[in-house]
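Student: generate coordinates for the sequence data below:
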Amino acid sequence: MQEWGSEGHLIMGRSEIPCRQANGLYWLGFARVRCRGSELPAWALSQFGAEPMAAALAGPEDGYLILHWPDNFQLKRLRVPTAAVGASTRRAVIVTCRDTDAATDTIHLRYFAPQYGIVEDSATGSAMRILADYWAQSCGLEGLHGRQDSPRGGELFSRLEGEIAWVGGRIRDLDETDNGVPDT
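Tutor: Numbering: from 1, shown residues only. Next comes the predicted model:
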């Protein structure tokens, strides 16, 4: 794959999103979304089968709910919430924990929005955008390596630069077996 090597903008209709390539990763820059602490939802234990240690909100009422489990918690053990979670919140739910065994600032995450027909998203850049601010506030982490613990798995990165949350990942060339059609 040819390296791009400069900054630019991804143009989508009337939107322009800053983008760059650095260190083998491709980055998109989004407006930082600030998180604010919240009480633990009473339904978390019944929906996930384990109780988180902290919670935070981001965005409007239909934004995000972050549920934080203890360091090194096995997020794969959590139950997938049912659409009934929609009776309690309009927010997409991001579950996360820190991986203290990793050499870098690594976190684990999963993303659920069953009330919107997304049982579990396998690799979620929007969640990394939110977690960039959450982990910066809770632990002072300005750059993250995120491992999505969904059944399919995913690997994403984030970092903050002022009011920009950069979300990065690797890109691979499509080969003949892909037929140019991305996975769904």
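
Student: which ones are touching the closest residue to residue 121 other than its chain neighbours?
Tutor: Excluding its sequence neighbours, the residue lying closest to residue 121 (Cβ to Cβ, 6 or more residues apart in numbering) is residue 111, at 4.4 Å. C-beta here means a position set from N, CA and C on the backbone, and glycine is covered the same way. By Cβ atoms under 8 Å, 6 or more residues apart in numbering, the residues touching residue 111 are 92, 93, 94, 95, 118, 120, 121, 124, 126, 127, 148, 150.

Student: check residue 72 too.
Tutor: By Cβ under 8 Å, 6+ apart, the contact set of residue 72 is 97, 98, 99, 100, 101.

Student: which PyMOL command selects the buried ones in those?
Tutor: If you want just the buried ones from the contacts of residue 72 in PyMOL, going by 16 or more other Cβ atoms under 10 Å, the selection is:
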select buried, resi 97+98+99
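
Student: would you reformat the contacts of residue 72 as JSON lines and include pLDDT, distance to residue 69 and secondary structure?
Tutor: Formatted as JSON lines, the contacts of residue 72 follow (pLDDT from 0 to 100; distance: Cβ to Cβ, whole Å; DSSP: H, G, I helix; E, B strand; the rest coil):
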{"residue": "97", "pLDDT": "97", "distance to residue 69": "4", "secondary structure": "strand"}
{"residue": "98", "pLDDT": "96", "distance to residue 69": "9", "secondary structure": "strand"}
{"residue": "99", "pLDDT": "95", "distance to residue 69": "11", "secondary structure": "strand"}
{"residue": "100", "pLDDT": "94", "distance to residue 69": "13", "secondary structure": "coil"}
{"residue": "101", "pLDDT": "92", "distance to residue 69": "15", "secondary structure": "coil"}
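
Student: which element follows the strand or helix carrying residue 47 toward the C-terminus?
Tutor: Assigned by DSSP states H and E, residue 47 belongs to helix 44-48. The C-terminal neighbour of helix 44-48 among helices and strands, as given by DSSP H and E, is strand 54-58.

Student: counting by contacts, list what that following strand packs against.
Tutor: Here strand 54-58 touches strand 35-38, strand 64-68, helix 125-139, going by 3 or more Cβ pairs under 8 Å, 6 or more residues apart in numbering; DSSP states H and E.
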